[in-house]
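1. Test case, fold it:
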Amino acid sequence: MNQNQHEPETAVDADNSVAPRPPCKGDRGEGVISAAIAVLIMAFLGAAMWIGFQQMWKTTEATTNDKITQIGSE
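-> Predicted structure coming up:
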């Protein structure tokens with residue numbers, strides 16, 4: 001057999017029959033792509049959380065200032 005030709009590996013199924021396993025071609029970079037997608041999702045979540053935190057902070061600051069003004073005027 002030529003070195004450049006590969007026979008597909010075989011796998012044993014649950015019923016003990018031997019089924020040919022397709023060669024794994026084109027799986028290179030699969031982990032890198034998955035990691036990049038995970039990083040992008042985390043970046044979007046972080047940005048959304050930061051925007052939510054800023055909104056919450058502004059609301060809390062306004063409420064606190066109103067209460068301080070009310071207490072100071074009594």
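2. tell me the SS of residue 16?
-> Assigned with DSSP: H, G, I helix; E, B strand; the rest coil, residue 16 falls in the coil class.
3. mind listing what it touches?
-> Under the criterion of Cβ atoms under 8 Å, 6 or more residues apart in numbering, the contact list for residue 16 is empty. All C-beta atoms are positioned from the backbone trio N, CA, C, and that covers glycine.
4. In this protein, which residue is most central in space?
-> Geometric centre of the chain, nearest residue: residue 38, 2.8 Å, by Cα atoms, centre = their mean.
5. Doesn't that one belong to a strand?
-> No: per three-state DSSP, residue 38 lies outside any strand segment and is helix.
6. Which parts of this protein are strands?
-> Assigned by DSSP state E, the chain shows strands spanning 10-12, 18-20.
7. mean pLDDT lowest for which of those?
-> Across the strands of the chain, strand 10-12 has the smallest mean pLDDT, namely a mean of 61.
8. Helix or strand, whichever it is, which one in the chain has the lowest mean pLDDT?
-> The helix or strand of the chain with the poorest confidence is strand 10-12; it has a mean of 61 (mean pLDDT, DSSP states H and E).
9. So, low pLDDT: which residues of the protein?
-> 1-15, 19, 21-26 (pLDDT under 70).
10. neighbours around residue 63, how many?
-> Neighbour count for residue 63, taken as other Cβ atoms under 10 Å: 10.
11. and it, how far is that from residue 57?
-> Counting by Cβ to Cβ, to the nearest Å, the separation of residue 63 from residue 57 is 11 Å.
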